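J.: here you go, sequence then predicted model.
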Amino acid sequence: MFNIEDYEYDLPEELIAQEPASSRDHSRLLVVERSEAAFFDRYFFDLPGILEPGDLMVVNNPNDKGAAIGGDTNVVTLLEPHKDGRKLPVLPKREVAQRILDWVVKRRTAPRRVKDG
């Protein structure tokens, strides 16, 4: 199906935040617009106008044990609007990325529910 290696890319060190934003709502977000197959830089304060039903938000806390920025593992929580989050265990970063990709593929290929009436 899909393989996470197909999505590898170089990320220059200078584009990785080295300290938190001065105001938490000014933290940067990477938004993927599926319908346009495009990526956009946004800010946390833009979030209410961005999220739609069926979207997935991936949240991590670098202070979680096993989630260090320079480490080989990560801990993330998958959030969907109006649903409880699902926290993944400490996993190798490739496995975290593969699980996120699997979720996206599953959502794209799942049959749509149609309401009666």
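T.: Now that the structure is in, tell me what you want to look at.

J.: for this protein, which spans come out with low pLDDT?
T.: Within the chain, the stretches with pLDDT under 70 are 1-4, 7, 68-69, 82, 109-117.

J.: what about the helices in it?
T.: With helices called from DSSP state H, the chain shows them at 47-50, 93-109.

J.: ok, residues contacting the shortest one?
T.: Residues from elsewhere that reach helix 47-50, judged by CB atoms under 8 Å, 6 or more residues apart in numbering: Leu29, Val31, Arg42. Using the backbone N, CA and C atoms, a C-beta is placed for each residue, glycine as well.

J.: quick one on the thing from earlier: most tightly packed of the helices of the chain?
T.: When you average the neighbours per residue for each of the helices of the chain (mean count of other CB atoms under 10 Å), helix 93-109 leads with a mean of 14.

J.: show me what it is packed against.
T.: Packing partners of helix 93-109 (3 or more CB pairs under 8 Å, 6 or more residues apart in numbering; DSSP states H and E): strand 73-74, strand 76-79.

J.: mean neighbour count and distance to Asp6 added to the ones you listed, as CSV?
T.: Output for the helices and strands packed on helix 93-109, formatted as CSV (neighbours: other CB atoms under 10 Å; distance: least, CB to CB, whole Å):
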stretch, mean neighbour count, distance to Asp6
strand 73-74, 20, 19
strand 76-79, 18, 20
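
J.: understood, closing this out.
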